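A.B. asks: Here you go, sequence then predicted model.
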Amino acid sequence: MNRIIELKQIERQLILYDVFRYFEEVTFRDIEFVLPGLGKRMIQRDIKDLTDAGLIHVSYDRSRQAYVSLEEETNLPEADAEGHCG
């Protein structure tokens with residue numbers, strides 16, 4: 001059964017926060033894996049909210065087609081060969 005769970009904004013943002021906390025590079029495909037059924041624009045707004053609040057420090061890198069951590073030092077796991085975190 002293919003069910004999409006509806007989440008409140010704060011719930012979505014907490015999930016995104018965890019994703020960005022553990023991985024240096026995150027693609028939209030990675031986000032869609034953990035938050036299926038969300039529109040790209042909604043994801044972008046949630047990431048902007050987290051960035052504006054100073055909770056995450058990321059920037060979108062077009063060449064990698066992924067959000068990349070701007071943290072100077074991280075103790076985060078490496079992404080796989082394709083750059084995916086999941």
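C.D. replies: Alright, I've got the coordinates. Residues are numbered from 1 along each chain as shown.

A.B. asks: Show me what residue 67 is bridged to.
C.D. replies: In this entry, residue 67 is beta-bridged to residue 26, residue 60, by DSSP bridges.

A.B. asks: show me where the protein has strands.
C.D. replies: 25-26, 58-61, 66-69 (DSSP state E).

A.B. asks: Could you pull out the buried residues of the second one?
C.D. replies: By that I understand strand 58-61. residue 58 (16 or more other C-beta atoms under 10 Å). Just so you know, the C-beta spots here come from the backbone N, C-alpha and C atoms, and that holds for glycine as well.

A.B. asks: among the strands of the chain, which is nearest residue 16?
C.D. replies: For those, the distance to residue 16 is smallest for strand 25-26, at 8.7 Å, taking C-beta to C-beta.

A.B. asks: re the thing from before, relative to residue 19, which of the strands of the chain is closest?
C.D. replies: Per C-beta to C-beta, nearest to residue 19 of the strands of the chain: strand 25-26, 5.8 Å.

A.B. asks: could the strands of the chain go into JSON lines alongside distance to residue 34 and mean pLDDT?
C.D. replies: Below are the strands of the chain laid out as JSON lines (distance: least, C-beta to C-beta, whole Å; pLDDT from 0 to 100):
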{"stretch": "strand 25-26", "distance to residue 34": "10", "mean pLDDT": "96"}
{"stretch": "strand 58-61", "distance to residue 34": "16", "mean pLDDT": "96"}
{"stretch": "strand 66-69", "distance to residue 34": "13", "mean pLDDT": "96"}
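
A.B. asks: Can you lay out those as CSV showing distance to residue 8?
C.D. replies: Output for those, formatted as CSV (distance: least, C-beta to C-beta, whole Å):
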stretch, distance to residue 8
strand 25-26, 21
strand 58-61, 22
strand 66-69, 22
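
A.B. asks: Which of these sits closest to residue 40?
C.D. replies: Ranking those by distance to residue 40, with C-beta to C-beta as the measure, places strand 58-61 first at 11.5 Å.

A.B. asks: Which elements pack onto that closest one?
C.D. replies: Secondary-structure packing of strand 58-61 (3 or more C-beta pairs under 8 Å, 6 or more residues apart in numbering; DSSP states H and E): strand 66-69.
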